[in-house]
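>>> Prediction below, plus the sequence it came from.
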Amino acid sequence: QVQLVESGGGLVQFGGSLRLSCAASARTFTNYVAAWFRRAPGKEREFVAFITTSGSTAYADSLRGRFAISGDNAKSTVYLEMNSLKPEDTAVYYCAAGTTWGTRSSAYHYWGQGTQVTVSS
């Protein structure tokens, strides 16, 4: 069973930065694709980014250039660096892991509990 624990969320001002972390059981990210999704208030969960076991990455078009996903296999941790944050980035951010890459939630079998990110204007 894969367990994912997100951390690093919080309150940040417009234009600020945050780095989210997703810690997993050992070797998880050497075997699984890792992804970040988010759910804003009143909206559907949406894809943010993923990173494959070989280190290839992909981003939602609207976030490319501001967000960066990375992984540290030695620490079994995946990160999401978020820069130039806007109020519309306010959401619960979820870490996910799966055996195949994709932008749909259904591609991922394991999910964390989420971490709240709030961007004030």
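Perfect, thanks for sending it. Residues are numbered from 1 along each chain as shown.
>>> from here on, contacts and neighbour counts on C-alpha atoms
Will do.
>>> Could you find the closest non-adjacent residue to V33?
The shortest distance from V33 to any non-neighbouring residue, by Cα to Cα, 6 or more residues apart in numbering, is to T52 (4.6 Å).
>>> T28 now?
Spatial nearest neighbour of T28, chain neighbours left out: S76 (6.4 Å); criterion: Cα to Cα, 6+ apart.
>>> quick one: contacts for the one you found?
Counting by Cα atoms under 8 Å, 6 or more residues apart in numbering, S76 touches A23, A24, S25, A26, R27, T28, F29.
>>> picking up where we left off before, give me the neighbour count for the residue nearest to V33.
Neighbour count for T52, taken as other Cα atoms under 10 Å: 23.
>>> go on, N31?
Residues contacting N31 under the criterion other Cα under 10 Å number 15.
>>> Okay, buried residues for the lowest-mean-pLDDT helix or strand in the chain please.
Here the helix or strand of the chain ranked lowest by mean pLDDT, DSSP states H and E is helix 28-31, holding a mean of 85. Judged by neighbour count using 16 or more other Cα atoms under 10 Å, the buried positions of helix 28-31 are T28, F29, T30.
>>> Stretch 45-63 too?
By neighbour count with 16+ other Cα under 10 Å, stretch 45-63 contains the buried residues R45, E46, F47, V48, A49, F50, I51, T52, T53, T57, A58, Y59.
>>> got the contact list for the second one?
Residues touching E46, when contacts are defined by Cα under 8 Å, 6+ apart, comprise F37, R38, R39.
>>> Are we agreed that it is in a strand?
Yes: assigned with DSSP: H, G, I helix; E, B strand; the rest coil, E46 falls within a strand.
>>> If I look at it, what pLDDT would I see?
For E46, the model assigns a pLDDT of 97.
>>> and what of the fifth one?
For A49, the model assigns a pLDDT of 98.
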